[in-house]
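Participant: No sequence on hand, only this structure:
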């Protein structure tokens, strides 16, 4: 298993890009700020140019100050070039950790 860590910004950006076929087993979104912050997450098939409502899997999910959202109920099977993108309502206060394994 491998992990990828990213600090989220206001702009939607990659938090994981699949190289080969991979399974994402868990994602953690940790709010290190002293205020609640919102999170948006997008699952982008290879070749998708823009994050939009059609590829959004979490919208305006509030994470309390000092809390962590754990996404582990469903596994994501990604092909080469598929991406997970995310953004937050404040820069550099939510850390995204993605745990994945190649298949």
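Facilitator: Received the coordinates, thanks. Everything numeric here is computed off the predicted structure, so don't read it as measured data.
Participant: can you pull the contacts of the nearest residue to residue 59 once chain neighbours are set aside?
Facilitator: Distance criterion Cβ to Cβ, 6 or more residues apart in numbering; nearest residue to residue 59, sequence neighbours excluded, is residue 40 at 5.8 Å. For glycine as for every other residue, the C-beta is placed from the backbone atoms N, C-alpha and C. Residue 40 is in contact with 12, 51, 56, 58, 59, 60, 61, 86, 87, 88, counting by Cβ atoms under 8 Å, 6 or more residues apart in numbering.
Participant: Let me know the closest of those to residue 18.
Facilitator: For those, the closest approach to residue 18 (Cβ to Cβ) belongs to residue 86, at 15.1 Å.
Participant: and residue 30, what are its bridge partners?
Facilitator: Taking DSSP bridges as the rule, residue 30 bridges to residue 68, residue 95.
Participant: oh, and call the first residue 45 from now on, that's how I've got it
Facilitator: Renumbered: residue one is now 45, and that last one reads residue 74.
Participant: That one contacts residue 132, correct?
Facilitator: No. Here residue 74 does not reach residue 132: they are 10.9 Å apart, not a contact under Cβ atoms under 8 Å.
Participant: List the contacts of residue 142.
Facilitator: Residue 142 touches 47, 48, 49, 50, 59, 60, 68, 70, 71, 128, counting by Cβ under 8 Å, 6+ apart.
Participant: distance of residue 67 from residue 46?
Facilitator: Distance of residue 67 to residue 46, given as Cβ to Cβ, to the nearest Å: 11 Å.
Participant: Which of the two has more residues huddled nearby?
Facilitator: Shown here are residue 67 and residue 46; by other Cβ atoms under 10 Å, residue 67 has more neighbours (15 against 10).
Participant: That one sits in which helix or strand?
Facilitator: Following DSSP states H and E, the helix or strand that holds residue 67 is strand 66-75.
Participant: what packs against that strand?
Facilitator: strand 81-88, strand 100-107, strand 112-115, strand 120-122, strand 127-132, strand 138-146 (3 or more Cβ pairs under 8 Å, 6 or more residues apart in numbering; DSSP states H and E).
Participant: could you redo the last one with a cut-off of 6 Å?
Facilitator: Applying 3 or more Cβ pairs under 6 Å, 6 or more residues apart in numbering; DSSP states H and E, one finds that strand 66-75 contacts strand 112-115, strand 120-122, strand 138-146.
Participant: With that, I have no additional questions.
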